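Asks: Using only what follows, build the 3D model:
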Amino acid sequence: MANAEDLNAISTLHEDGLHGVQSDNGEWIDLLTHHREPVRDPVAIRGAGNVTVFGLSNRFDTEFPSALTGKVAPEEFNETLQRINSVLKKTLPVNVKWLFCGCICCCCTLGCSLWPVVCLSKRTRHALEKLLDWENNHLYSKLGLNWRLSKQRCDSSAMIEYVLLVEFVPRLQIHRPD
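Replies: Okay, here's the model as predicted:
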């Protein structure tokens with residue numbers, strides 16, 4: 001028959017949503033931290049194009065980062081970046097034309113002529129995020145990776161640019177003994 005002290009050692013769901021046990025002195029011990037592998041820093045893939053519209057470059061560098069060696073094949077990585085670059089190649093020239101026209105007419109329209117390029121840039125970002133979600137669902141989630149579009153400050157200036165982040169998703173080590 002179990003007494004009250006033994007019940008404190010039973011694994012429960014803590015109010016924060018973390019699995020763990022409560023020690024005899026009342027401290028909460030998170031068990032999942034002991035069963036997770038350490039998470040590496042994400043790999044940032046910066047824009048390598050010569051034109052940037054609202055922080056989004058017209059292409060990303062296709063050079064394979066060494067941090068992804070052993071996690072994904074270089075061919076798969078290049079195919080993903082080619083798909084991303086094809087979306088940018090298709091949409092950004094239109095954005096540049098609308099930006100140019102918007103800047104010319106900006107004084108006459110009190111800035112309203114820039115709204116089309118803002119909407120087109122938002123549409124481009126959504127198309128990239130949709131493509132990255134598709135890539136994550138079909139390949140990269142199985143490999144323990146997650147691609148996402150993220151804003152980051154440029155190294156050389158105070159401007160903000162969009163970069164591709166390849167995050168390492170921690171896996172639970174379920175084969176480890178308790």
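
Asks: Could you use CA atoms for every contact and neighbour count after this?
Replies: Noted.

Asks: Name the SS class of the residue most central in space within the chain, please.
Replies: Centroid-nearest residue in the chain, with Cα atoms, centre = their mean: residue 148, separated by 2.5 Å. Assigned by DSSP: H, G, I helix; E, B strand; the rest coil, the conformation of residue 148 is strand.

Asks: Distance-wise, check residue 171 relative to residue 139.
Replies: Remark: distance between residue 171 and residue 139 (Cα to Cα, to the nearest Å) = 16 Å.

Asks: Repeat that for residue 153.
Replies: 29 Å.

Asks: Which helix or strand in the protein has the lowest average pLDDT?
Replies: Scoring the helices and strands of the chain by mean pLDDT, DSSP states H and E places strand 12-13 at the bottom, with a mean of 46.

Asks: Need the pLDDT of the residue nearest to the centre of the chain.
Replies: Residue 148 carries a pLDDT value of 95.

Asks: low-scoring stretches of this protein, by residue?
Replies: Counting by pLDDT under 70, the chain has low-confidence residues at 1-39, 172-178.

Asks: can you give me the helices for it?
Replies: Ranges of helices in the chain, per DSSP state H, are 4-7, 74-104, 106-109, 115-135.

Asks: Compare the ones you listed and report which one is nearest to residue 57.
Replies: Residue 57 lies closest, by Cα to Cα, to one member of these: helix 74-104, at 8.0 Å.
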